[in-house]
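Asker: below are the sequence and a predicted model; questions follow.
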Amino acid sequence: MPTYWRVSEVRVIQDHAVWVRFIDGLEGIVRFLLGFFRGVFSHLNAPEKFRQVTVVGGAVTWPGELDLAPDAMHEEIKQRGGEWVVDR
């Protein structure tokens, strides 16, 4: 199984935006629009909750086992020139 898409580092750079680095060296920014903060992700709209992001098992993760698929994130950042805007 490929692992190049596993996240090695994540940092909040502003409200609702993170910088990520993957183990293959790819880096990028993920910006979350208001449409993302629905359902199980709704409480992450609060900046203090959003800032609790970390890397667990190679995935960007928040408390409550909420995470983003690192393979999809890697692909989007690579295809979109370093920045992915997530709206849902």
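Answerer: Perfect, thanks for sending it. Keep in mind that this is a model prediction, so the values were computed, not measured.

Asker: average pLDDT across the longest helix along the chain?
Answerer: Criterion DSSP state H: the longest helix present in the chain is helix 70-79. Mean pLDDT, helix 70-79: 96.

Asker: what about the residue nearest the centre of the chain, which helix or strand?
Answerer: Nearest residue to the geometric centre of the chain (Cα atoms, centre = their mean): residue 60, 5.0 Å. Under the criterion of DSSP states H and E, residue 60 resides in strand 59-62.

Asker: between the two ends of stretch 10-20, how far is it?
Answerer: End-to-end distance for stretch 10-20, by Cα to Cα, to the nearest Å: 4 Å.

Asker: I'd say the residue nearest to the centre of the chain and residue 70 touch.
Answerer: Yes: between residue 60 and residue 70 there is a contact at 7.0 Å, judged by Cβ atoms under 8 Å. Quick note: C-beta positions are derived from backbone N, CA and C, even for glycine.

Asker: what's the longest helix of the chain in contact with?
Answerer: Here helix 70-79 makes contact (Cβ atoms under 8 Å, 6 or more residues apart in numbering) with 4-7, 20, 22, 26-30, 58-60, 83-84.

Asker: and those residues, which two are the farthest apart?
Answerer: Pairwise distances across these (Cβ to Cβ) peak at 20.6 Å, for the pair 58 and 83.

Asker: report the contact partners of the residue nearest to residue 83 when sequence neighbours are not counted.
Answerer: Leaving aside its chain neighbours, residue 83 sits nearest to residue 29 (4.7 Å; criterion: Cβ to Cβ, 6 or more residues apart in numbering). Counting by Cβ under 8 Å, 6+ apart, residue 29 makes contact with 13, 17, 18, 19, 20, 77, 82, 83, 84.

Asker: quick one, which of residue 58 and residue 83 is more surrounded?
Answerer: In terms of neighbours (other Cβ atoms under 10 Å), residue 58 is the more surrounded of residue 58 and residue 83; the figures are 16 against 12.

Asker: do a quick rundown of the helices in this structure.
Answerer: All helices of the chain, identified by DSSP H, fall at 47-50, 70-79.
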